[in-house]
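In: I'd like to go over a predicted model; first the sequence, then the structure.
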Amino acid sequence: MITGQYRNTIDEKNRILVPSKMRAEIPGNSLIITAGIDRCLWMFPPEDWKQLSDQLMEAASPFSKKARLLQRRIIAPAQEVDIDKAGRVLIPPSLKETIGLKKECILQGIKKYIEVWDVDEYNAYLDESESEFQEAAEELGGSVSFF
């Protein structure tokens, strides 16, 4: 299970270090990286990516406009990247540009995959989604208050 939240930087060669605690949960030495939802990148171990992409393809008809949109935005840009001996992965320039990833970023484990966010973009997302978060927490577990 891939968990944890880490702040990291992208080096001059567009590489980012995947923290050792996350790497320990990744079988093999590669990840599939693609554009995610909410202006972040998703990195999957190959087997988990295969399951998700197969499900997306099987559940949707190529005659469905929404299905094609999901396939084009999530499946098409996916690329396999190697984890080098130092634990870094190369962020493809096209994906870096797609989400506006600059130098400072957040990596967070979401059990089966890793999200990569630009720090400023992630903070804006948290601010914008706070009320929705509160509503979702209440729906799932009763009344939730952090203040």
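Out: Thanks, I have the structure now. Numbering: from 1, shown residues only.

In: going forward, measure contacts between C-alpha atoms and count neighbours the same way
Out: OK.

In: can you tell me which residues contact the closest residue to residue 8 other than its chain neighbours?
Out: Leaving aside its chain neighbours, residue 8 sits nearest to residue 105 (5.4 Å; criterion: CA to CA, 6 or more residues apart in numbering). Residue 105 makes contact with 7, 8, 9, 10, 116, 117, 118, 119, according to CA atoms under 8 Å, 6 or more residues apart in numbering.

In: try it again with 6 Å
Out: Contact analysis of residue 105 by CA atoms under 6 Å, 6 or more residues apart in numbering lists 7, 8, 9, 117, 118, 119.

In: tell me what the fifth one is bridged to.
Out: On the basis of DSSP bridges, residue 118 is bridged to residue 105.

In: got the confidence number for it?
Out: Reading off the confidence values, residue 118 has pLDDT 97.

In: any idea how far residue 126 is from it?
Out: 12 Å (CA to CA, to the nearest Å).

In: who has more neighbours, those two?
Out: More crowded of residue 118 and residue 126, by other CA atoms under 10 Å: residue 118, with 24 against 13.

In: wait, that one sits on residue 101?
Out: Yes. Using CA atoms under 6 Å, residue 118 is in contact with residue 101, at 4.8 Å.

In: just the buried ones from the contacts of residue 105?
Out: 8, 9, 117, 118, 119 (16 or more other CA atoms under 10 Å).

In: so can I have TSV of those residues showing distance to residue 79?
Out: Listed next are those as TSV, based on distance: CA to CA, whole Å:
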residue	distance to residue 79
8	21
9	21
117	17
118	19
119	23
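
In: tell me the one of those residues nearest residue 35?
Out: residue 117 (10.6 Å; CA to CA).

In: could you pull out the buried residues of stretch 14-28?
Out: For stretch 14-28, the buried set under the neighbour-count rule, 16+ other CA under 10 Å, comprises 14, 15, 16, 17, 18, 19, 22, 23, 26.

In: all strands for the protein, in order.
Out: 5-9, 15-17, 30-35, 41-44, 79-82, 88-90, 104-109, 114-118 (DSSP state E).
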